[in-house]
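K.L.:
sequence unknown, structure follows:
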Ligand SMILES: O=C(O)CCC(=O)C(=O)O
Ligand SMILES: [Fe+2]
């Protein structure tokens, strides 16, 4: 049986992103823990997304987004100092127009590349226990770049990094029995991970820009799982397996956990890395939209080849490290100035 056959499209497939209560992941009741794991696994297999209820994260957002607004509204010549093209923009600030999702590179308006209309910052882990990793993978484990006179930005992003990482790791842990993985499998894979938090700023849309620009072109995420707290505005849409798009905006107090290409690969296609996009509003808006996904990665030297139990064709799923997988991905998003 090929890995593809694990999840053929069926008419009774989920068409709505399921919701789970994070506290159930560690509930005293074994039944609640099992049901939590089953719902998470089904949501990530059939849609690729799950909404996780946790007030802890929602509480942190107003102050974090205020700090983002302060930094992203700074003068262009100051922000320019925080750019790091030499490490493929993996740390610090990236302005509008640098990132272009692969789909929009091929089929932008008038055949021209259509860059995403958003700027971002990338923040990596502050401490790594294995000192060889930054030597072997300097870009993936580069030091963080912090804006001057913005202690709130540093504090809030680091707190959010930890809180979102905890949610993502709890979801991965709950998947272990569902996927037939040993206990602690994902904790092992993500020890000294090259995980990154990405504060994003989608600028206001003027009358002229309505229907002419994309905030975020359709794409899949290239990592293990993404953990996305509620953004300050709507726009996120998710493509279903059977076609059609659904609303991806998280309900109040919920955080999205979604499968990335690496987890899809690792499970031989069993879990689904869903295509998603960020639509611009249909009418002009004077406000920026802020969001803050955490991209959880494995350690850079982890081999992503699916385990035997997935019966994945090795020609389709050859041995590849997380770092190699990531580099291939960078080339397709316009972020790799020096990799080619
Ligand atoms: O801003 C959002 O809602 C989603 C962002 C996203 O999909 C990404 O950065 O990969
Ligand atoms: Fe994404």
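P.N.:
It's in. Given the structure is predicted, the values throughout are model-derived calculations rather than measurements. Ligands and ions are numbered 1, 2, ... in the order given.
K.L.:
which positions in the stretch 101-250 of the chain make contact with ligand 1?
P.N.:
Proximity of the stretch 101-250 of the chain to ligand 1, by Cβ under 6 Å from any ligand atom, involves residues 198, 200, 216, 221, 228, 231, 236. (Each C-beta comes from the backbone N, C-alpha and C, glycine too.)
K.L.:
how far away is the nearest residue to the third one once chain neighbours are set aside from residue 271?
P.N.:
If the residues on either side of it in the chain are set aside, residue 216 comes closest to residue 278, at 3.2 Å by Cβ to Cβ, 6 or more residues apart in numbering. Applying Cβ to Cβ, to the nearest Å, the value for residue 278 to residue 271 is 22 Å.
K.L.:
do the same with residue 254
P.N.:
Distance from residue 254 to residue 271, by Cβ to Cβ: 20 Å.
K.L.:
so residue 208: helix, strand or coil?
P.N.:
helix (DSSP: H, G, I helix; E, B strand; the rest coil).
K.L.:
scratch that, residue 329 is what I was asking about
P.N.:
helix.
K.L.:
tell me the contacts of the closest residue to it other than its chain neighbours?
P.N.:
Counting by Cβ to Cβ, 6+ apart, residue 222 is the residue found nearest to residue 329 once chain neighbours are left out, at 3.8 Å. By Cβ atoms under 8 Å, 6 or more residues apart in numbering, the contact list for residue 222 reads 260, 261, 262, 295, 325, 326, 329, 333.
K.L.:
which two of those have the greatest separation?
P.N.:
Pairwise distances across the contacts of residue 222 (Cβ to Cβ) peak at 14.8 Å, for the pair 262 and 333.
K.L.:
so between the two, which is more surrounded?
P.N.:
Using other Cβ atoms under 10 Å as the criterion, residue 262 and residue 333 rank with residue 262 on top: 26 against 19.
K.L.:
and the gap between the more buried one and ligand 1?
P.N.:
14 Å (Cβ to the nearest ligand atom, to the nearest Å).
K.L.:
counting by contacts, list what the helix or strand that contains that residue packs against.
P.N.:
Here residue 262, judged by DSSP states H and E, is contained in helix 261-266. Where contact means 3 or more Cβ pairs under 8 Å, 6 or more residues apart in numbering; DSSP states H and E, helix 261-266 is packed against helix 322-332.
K.L.:
establish whether the helix it packs on and ligand 1 are in contact.
P.N.:
No: on the criterion Cβ under 6 Å from any ligand atom, helix 322-332 is out of touch with ligand 1, staying 11.5 Å away.
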